[in-house]
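predicted model and sequence below, questions to follow.
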Amino acid sequence: MSLFNASDRISPDCDRQAMVVRLTPLLYVATLFVSALLLFSIQPMFAKMVLPKLGGAPAVWSVAMVFFQTVLLSGYAYAHLLNRVLPPRWAAVFHLALLGATATMLPIAIAPGWGVPPSDGTALWLFGLFAVSIGLPFFTLSASAPLLQSWFAGSGHSRAGNPYVLYAASNLGSFAALFAYPVVIEPFLTLKTQAAAWSIGFALLAMLLSLVAVLTSRAKPVAAKVEVSDDMRASTGERMRWIALAAVPSGLVIAVTAYLTTDIAAAPFLWVVPLAIYLLTFVAVFRERPWIAHANVVRFVPFAVAPLAVSLIGGEKVFWLTTIALNLVVFALLTLMCHGELYARRPSPRRLTEFYLCTSLGGVIGGAFAGLVAPQIFNGNYEYPILIALALLCAPGIFTGGVRKALTGALPWLAISAALALVWYVTRYQPPATLELAFQVLLALLAAATLFQRQRPMRFVGLVILSFAVTALWRPGIAPIETARSFFGVHKVAEINGGSARLLYHGTTIHGAQRLRNDDGTPVTGPLLPQTYYYPGGPYAEAIGAARAARGSLDHVAVVGLGTGTLACHRKGRERWTFFEIDPEVIRIARDPRRFEFLSKCAPDAPIVAGDARLTLEASTDRYDLIVLDAFSSDAIPVHLLTREAVAGYLSKLTPHGVIVVHISNRYFDLAPVVGNVAQSLGLVAYLREDTSAGDLLTTMKANARLVVLARDAAATGSVAASWTPLQPDRSSALWTDDYSNILGVMLHKKFGG
């Protein structure tokens, strides 16, 4: 006799149902992870593909982020609409069809027909390039996260009551992609290999989504304890809070990235770090037990913001590791605070897609402000401190006693800030350099006062704004003349030492200087002498003089990078010099004799070709005896100008015995091994000189330069071959090409050697 009767036996259908119940959460997590992995690996990969077309400008990433956020909003709107009009089974079928259409656009590549970008409307042109090239793949992937969470919420699974925790899995995949890109993908894989691997990953996603569709359509609903709240209709105010809490961190991620990459490099490894932190904050707080208690995050914020507030505007990024660390810590804490508030205000699962639609709209608003609007309305990077102040206003309970009462605490400090700005605007007063110590003491006291008021949120915010104002307006020894902003960065013309010299800054890096007065205070007369890196007797003068002497004279010279036009004063006789410059604001400033006189006095007839030098030089029909590569974006040389293909292009425009001079001075990178490897690959001789005799730039108007001279043979370099150091290739690093470069490697080589 059987120990079990027929009713006790477990049927095969029950076994399958139990298996479905066990596998469903894992399948959803895996699918979300892969989808997010693909979504956020395409961002740095394609942006790196595009960089050469835009001269390596940091703004490429800002515009790219706005594009990604806009398409993300479109994807979330599509998911919300699909969720409302179709049941999960048919929605899955429709989405699979969209995946099939997307597969026809693979592998990822720049769309044909997009050549030279226009001189005006560059951001809009770049937006269009992204849309045509990767718009559909990104749209398809962006819709996957809200769709999958919505389907899981309606599956009846016992864990479906809080599908928001799946958002953590999605963002974990995003973080994994962004972490892997600079550490594993970029250093070891070419762009072509990356695109092929991405296509394989997309095929895997299609398989997982198909399996999700099959299992969820066959599974029987399982009783679930889903608490349906009574917030079926959110108030307009609540929706606005969702949008605001999403908008501020979204703008911050663009602002902090632009701030860091302006002086270091427009490179994926610096792009992805803030974005990875941004995504990791979702993983940390979109869960039942956050990694860091929300109250602790709020408590830590003042201790990070106060020191940043007195160093952000006008601060020199000399200690770049400290600068990066402080800015990223502040960014992480503010984003954790905003996203923690966002999760605390999440609605019931029935309104999940509406919630994500609002947060995505906030992301677009914040990104558009930082990436598109701010560069048009501000002549400096003021969106960053503005967004920091707005993030502080998102702290919990800050308006508990009413807006009027809350603002009362900040009004005195805001009034002082406004008064300082007004006085400076009317008088343009600049304190003498002798007050530098007093200024530093003032900043320390201001930071201490700010921390002392951390328990009074609005007073704290007011003091932070005052700190921004003081550091922006009080710059001992520096009198600003003009500030201009373009797609390629912020340019400042200023006078120092009581008007004895005029300088051009791009970011925090000096790109040229003209001496106006002698040491005795009398106006400078006579021939206009080159200053900074280009001073008489320096490496530039030696390299140009040696090339001239080796062939008797120079017929035609090409200079990549204009700056203030200082190099024009190295022209002699009837030599024809042509300048190639991508930034229209730089061209305007250099041509204006009220700003700098190098062009007007030394080469008034020298043509200036606008556009990226690789493209404009390639289109040139001339051949040059000397090509000078002196292009910088703040302190970062655009990577695409140093690849093997780039130098090969310069060679094609060089006369048989011509010379290429490469300026590789940099606070953060050791570019000598890069140039050495490229030279060897093309069979060129290379010589290096490191100048250490210039002294203090602000006193002597001279700057130490690090130059490399390249030629087909040593004889073409003249005396350089005998007096400069032969540059050997570095076998420990890979050759840079248009398909491969490793910024992080040369940065670490500069910092730690090896």
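Thanks, I have it.

number of nearby residues for the residue nearest to residue 598 when sequence neighbours are not counted?
Take residue 598 and drop its neighbours on the chain: the residue closest to it by C-beta to C-beta, 6 or more residues apart in numbering is residue 565, 4.1 Å away. (C-beta placed from N, C-alpha, C; glycine too.) By other C-beta atoms under 10 Å, 31 other residues sit near residue 565.

with residue 443 instead?
When neighbours are counted by other C-beta under 10 Å, residue 443 comes out with 19.

how near is the residue nearest to residue 598 to residue 506?
Between residue 565 and residue 506 the distance is 14 Å, computed by C-beta to C-beta, to the nearest Å.

same check, this time on residue 620
Taking C-beta to C-beta, one finds residue 620 at 25 Å from residue 506.

of those two, which one has the most company?
Taking neighbours as other C-beta under 10 Å, residue 620 and residue 506 compare with residue 506 leading, 23 against 15.

from memory that one sits against residue 486, does it?
No: if you go by C-beta atoms under 8 Å, residue 506 and residue 486 don't touch, sitting 10.1 Å apart.

remind me which residues of the stretch 351-500 of the chain are low pLDDT?
398-410, 413, 423-439, 474-477 (pLDDT under 70).

the stretch 501-650 of the chain: helices as residue ranges?
Taking DSSP state H, counting those that start in this stretch, the helices of the stretch 501-650 of the chain run over residues 539-551, 584-591, 598-602, 613-619, 644-652.

counting contacts, what elements does the strand or helix carrying residue 661 pack onto?
Assigned by DSSP states H and E, residue 661 belongs to strand 654-663. Strand 654-663 sits against helix 539-551, strand 624-629, helix 644-652, strand 706-711, with contacts defined as 3 or more C-beta pairs under 8 Å, 6 or more residues apart in numbering; DSSP states H and E.

flag every buried residue along that strand.
By neighbour count on 16 or more other C-beta atoms under 10 Å, the buried set for strand 654-663 is 654-655, 658-663.

picking up where we left off before, and the helices of the stretch 501-650 of the chain: which comes nearest residue 702?
Evaluated over the helices of the stretch 501-650 of the chain, closeness to residue 702 peaks at helix 539-551, with 11.0 Å, by C-beta to C-beta.

and the helices of the stretch 501-650 of the chain as a markdown table, adding distance to residue 145, mean neighbour count and mean pLDDT?
Formatted as a markdown table, those follow (distance: least, C-beta to C-beta, whole Å; neighbours: other C-beta atoms under 10 Å; pLDDT from 0 to 100):
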| stretch | distance to residue 145 | mean neighbour count | mean pLDDT |
| --- | --- | --- | --- |
| helix 539-551 | 54 | 21 | 93 |
| helix 584-591 | 40 | 20 | 92 |
| helix 598-602 | 53 | 20 | 93 |
| helix 613-619 | 38 | 19 | 83 |
| helix 644-652 | 38 | 17 | 92 |
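
rebuild those as CSV, extending it with distance to residue 738.
Shown next, in CSV, are the helices of the stretch 501-650 of the chain (distance: least, C-beta to C-beta, whole Å):
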stretch, distance to residue 738
helix 539-551, 27
helix 584-591, 25
helix 598-602, 32
helix 613-619, 10
helix 644-652, 5
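
among those helices, which comes closest to residue 243?
helix 584-591 (34.0 Å).

helices and strands around that closest one, which ones?
strand 478-486, strand 489-496, helix 598-602, strand 608-610.

single out the most deeply packed of these.
strand 489-496 (a mean of 21; mean count of other C-beta atoms under 10 Å).

which secondary structure elements does that strand contact?
If contacts are counted by 3+ C-beta pairs under 8 Å, 6+ apart, strand 489-496 sits against strand 478-486, strand 501-506, helix 584-591.

the inter-axis angle of that strand versus strand 478-486?
If you take axes from the mean of the first three to the mean of the last three C-alpha atoms, to 10 degrees, strand 489-496 sits at 160 degrees to strand 478-486.

any chance you could map the helices in the stretch 201-350 of the chain?
Using DSSP H, counting those that start in this stretch, helices in the stretch 201-350 of the chain cover 236-261, 268-285, 294-309, 320-344.

and the ones you listed, which one is worst for confidence?
Note on those: lowest mean pLDDT is at helix 268-285, with a mean of 76.
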